[in-house]
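Undergrad: Attaching a predicted model along with its sequence, questions to come.
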Amino acid sequence: MPDKTNAPAVEGLFTMDPREPRLLGTRCRACGTYFFPAEKSFCRNPACDQADFEEVPLSRTGTLWSYTSASYKPPPPFVAKEPFEPFAIAAVELEEEGITILGQVADGIGVDALRTDMPMELVLRELYQDDEHVYFTWNWKPSHGGGAA
Amino acid sequence: MSKDVAVLGVGMHPWGKWGQSFVGYGVKAARDALKDAGVEWKDIQLVAGGDTIRNGYPGYVAGATFAQALGWSGAKVSSSYGACATGAQAISVARAHILAGLCEVALVIGADAAPKGFFAPTGGHRPEDPDWLRFHIQGITNPTYFGLYARRRMDAYGATQEDFAAVKVKNSKHGLHNPNARYRKEVALEDVMSSVLVADPLHLLDICATSDGAAALVLSSMDFARKHTTGPVKIAAVSTVTPVYPNSIIEMPNLATDSKAGVGLPEIGFKESIAHGAYEEAGLGPEDMSLAEVYDLSTALELDWYEQIGLCRPGDAEKLLRDGETTIGGRVPVNPSGGLGCFGEAVPAQAIAQVCELTWQLRGQAEGRQVEGAKAGVTVNQGLFGHGSSVLCTV
């Protein structure tokens, strides 16, 4: 079987660096506000009417704002593994950007291993495959020393 | 100038899974509201429909769909959508027409026939739509957000899963005798705790179902009302506020919050601003409320609303609940109708149904669930992407 090509499940949301992936946002050059997913057409700060953005990789680490789990298979357009494996979901606050970002928790780590305010880091994980590609998305994972056993 | 409009009539089609068209549910609710008001369909000057997005084109133009079903009469029409806040949008359109003197009497209708299970986004490949993106790339459903908020209550305020379950127990008692409620069965704490975990820490019975249902209101100017009735329930305020930037709390269906880097946070958060807008407009405060109907998509969300509508300080909601203050017979009963826990959500009808309940309560007609001596009540709700929804009624 020929090797499949790795690809992001949706283009432009994150880098494909396998070791230190980064989410890709934008920053308004006029007012300094960040956006994720990237905003390129208009600045949503009501005090700013500029449309001049730079693409910025966001911080790879943040603190856990809250967390939950998905015990049932989400409906399409999610492509679930069969059989479905429940997963945890984290809301992680990035300090510098002042943004909280959602994502699945990696590697089958469940809610029992999570605590509010623990440090988290960004990783890439396979979302699904087709005949030619392995599609990736971002996950959150407790950082080393973050208290997860 | 008074900003009051009269609620002349209310009507509902019972919530459930009836397997019929949303149009028929809406017609039933509308006819009941007309009968309750003592107003004939031919005398209605504006039909304000709440749209449903799950029933094809007739749902996108619900105002005309209902008008056609009731029989073309030449009335003005509007069709509004605001997700869960759809009903408040339709009420707001009717109220604004009346207050501007553009019509005297209007019929507001919302109805839905809902699919089973998780709500899912519309089809196609649409990565620019946050609602599509969150499902596709992270498998994030609506209960995900309910779970995140519930966990925050536990970690910030020491709430427990038993506290959340106690909301369901209370609401199941409230809804027991409500003829329009779908679930009329007492639920015990153990029933909730032993139901499956859907979005930790929330169990299946902590999360509201999706339902069919319809609700309708006949609204009129106070002058028009005087010719038909005495002492009608009045809508004193409608709040349809949007958030103030930056909204730093994660909101359905987004994958990320606004950035608070570089821009100061607003004085009050979005959810707090919704009922606040209604209080300001009515010149009343939470201490004046005899009851509240809040959007309990989950049990834990009901507790959030206690604080966000000013019934207690942040962190005190569990105590308010445990002390029985929000149970019928307590200081300020919340969801005497039984709430979404007993109804399940019929999206475009729900905010209208909340006003039906306030009306029955303020008239003293809420048989089996009456809040004694009710003088004023408030509803609260929010629709996706920042639709505030709060209606304040007085008598």
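TA: Yep, it's here.

Undergrad: Next, the residue lying closest to residue A:128 once chain neighbours are set aside: secondary structure please.
TA: What sits nearest to residue A:128 in space, not counting adjacent residues and going by CB to CB, 6 or more residues apart in numbering or on different chains, is residue A:79, at 4.0 Å. Just so you know, the C-beta spots here come from the backbone N, C-alpha and C atoms, and that holds for glycine as well. Assigned with DSSP: H, G, I helix; E, B strand; the rest coil, residue A:79 falls in the coil class.

Undergrad: what sits against residue A:79?
TA: Going by CB atoms under 8 Å, 6 or more residues apart in numbering or on different chains, residue A:79 touches A:127, A:128, B:136.

Undergrad: is it true that residue B:14 lies in a strand?
TA: Yes: counting by three-state DSSP, residue B:14 is located in a strand.

Undergrad: thinking it is in contact with residue B:180, fair?
TA: Yes: look at residue B:14 against residue B:180 with CB atoms under 8 Å: they come within range, at 4.8 Å.

Undergrad: Tell me the residues on the stretch 151-300 of chain B that lie near chain A, please.
TA: Applying CB under 8 Å from any CB of the partner chain, we find that the stretch 151-300 of chain B lies next to chain A at B:151-152, B:155-156, B:196-202, B:245-246, B:248-250, B:255-263.

Undergrad: Let me know the pLDDT of residue 116.
TA: Since you didn't name a chain, this refers to chain A. On pLDDT, residue A:116 comes in at 94.

Undergrad: ah, no, chain B please
TA: Here, the pLDDT recorded for residue B:116 equals 72.

Undergrad: Ok, the one 10 residues further on next?
TA: In the predicted model, residue B:126 carries a pLDDT score of 90.

Undergrad: what's near enough to touch it?
TA: Listed by CB under 8 Å, 6+ apart, the contact partners of residue B:126 are B:132, B:133.

Undergrad: so is it in a helix, a strand, or just coil?
TA: Classification of residue B:126 using three-state DSSP returns coil.

Undergrad: So which residues of the stretch 1-150 of chain B form helices?
TA: With DSSP state H, counting those that start in this stretch applied, the stretch 1-150 of chain B shows helices at B:22-37, B:57-60, B:62-70, B:86-99, B:130-138, B:142-157, listed in chain order.

Undergrad: most packed of those?
TA: Among those, helix B:86-99 has the highest mean neighbour count (mean count of other CB atoms under 10 Å in any protein chain shown), at a mean of 26.

Undergrad: pretty sure residue B:237 contacts residue B:288?
TA: No: look at residue B:237 against residue B:288 with CB under 8 Å: they stay out of range, at 11.8 Å.

Undergrad: between these two, which one's more packed in?
TA: Neighbour count, other CB atoms under 10 Å in any protein chain shown: between residue B:237 and residue B:288, residue B:237 has more, with 23 against 16.

Undergrad: Beta-bridge partners for that one, please?
TA: On the basis of DSSP bridges, residue B:237 takes part in beta bridges with residue B:392.

Undergrad: For chain A, see how far away it is.
TA: 25 Å (CB to the nearest CB, to the nearest Å).

Undergrad: Just the pLDDT for that residue.
TA: pLDDT, read off for residue B:237, is 98.

Undergrad: distance of the residue in chain A that chain B sits nearest to from residue B:144?
TA: Chain A approaches chain B most closely through residue A:68 (2.8 Å), counting by CB to the nearest CB. Separation of residue A:68 from residue B:144 (CB to CB, to the nearest Å): 6 Å.

Undergrad: Name the residues contacting each of the two.
TA: A:89, B:199.

Undergrad: which sections of chain B are below the confidence cut-off?
TA: B:1 (pLDDT under 70).

Undergrad: Can you find the residue of it that comes nearest to chain A?
TA: residue B:147 (2.8 Å).

Undergrad: In contact with that residue, which residues?
TA: Shown in contact with residue B:147 (CB under 8 Å, 6+ apart): A:68, A:69, A:89, B:198, B:199, B:200, B:201, B:202.

Undergrad: ok so the residue of chain A closest to chain B is a strand residue?
TA: Yes: applying three-state DSSP, one finds residue A:68 inside a strand.

Undergrad: Identify the residue spatially nearest to it, adjacent ones excluded.
TA: Nearest one to residue A:68, counting by CB to CB, 6+ apart, is residue B:147 at 2.8 Å.

Undergrad: Distance of the one you found relative to residue B:47?
TA: Relative to residue B:47, and taking CB to CB, residue B:147 is found at 39 Å.

Undergrad: before we move on, what about residue B:27?
TA: For residue B:27, the distance to residue B:47 - CB to CB - is 12 Å.

Undergrad: Mind listing the shared neighbours of the two?
TA: By CB under 8 Å, 6+ apart, the residues touching both residue B:27 and residue B:47 are B:66, B:70.

Undergrad: got a list of what residue B:361 touches?
TA: B:290, B:291, B:336, B:370, B:371, B:374, B:377.

Undergrad: Just give the nearest non-adjacent residue to it, would you?
TA: Nearest to residue B:361 is residue B:374, by CB to CB, 6+ apart, at 4.7 Å.

Undergrad: how about the one you found, phi and psi?
TA: Backbone torsions for residue B:374, taken as degrees, to the nearest 10, come to phi -60, psi 130.

Undergrad: Surely it touches residue B:292?
TA: No: if you go by CB under 8 Å, residue B:374 and residue B:292 don't touch, sitting 10.8 Å apart.

Undergrad: Find me the pLDDT at residue A:1, would you?
TA: Confidence score, pLDDT, at residue A:1: 55.

Undergrad: Residue B:101 - how many residues pack around it?
TA: Count around residue B:101 with other CB under 10 Å applied: 8.

Undergrad: likewise the one 3 residues further on?
TA: In terms of burial, residue B:104 registers 18 neighbours under the definition other CB under 10 Å.

Undergrad: Please list all residues in contact with it.
TA: Per CB under 8 Å, 6+ apart, neighbours of residue B:104: B:45, B:98, B:220, B:221, B:223, B:224.

Undergrad: Residue B:10 too?
TA: B:32, B:33, B:36, B:215, B:216, B:217, B:218, B:355, B:356, B:359, B:360.

Undergrad: Nearest residue to it in space, please, no chain neighbours.
TA: residue B:356 (4.2 Å).

Undergrad: separation between the residue nearest to residue B:361 and residue B:289?
TA: Computed with CB to CB, the distance linking residue B:374 and residue B:289 is 9 Å.
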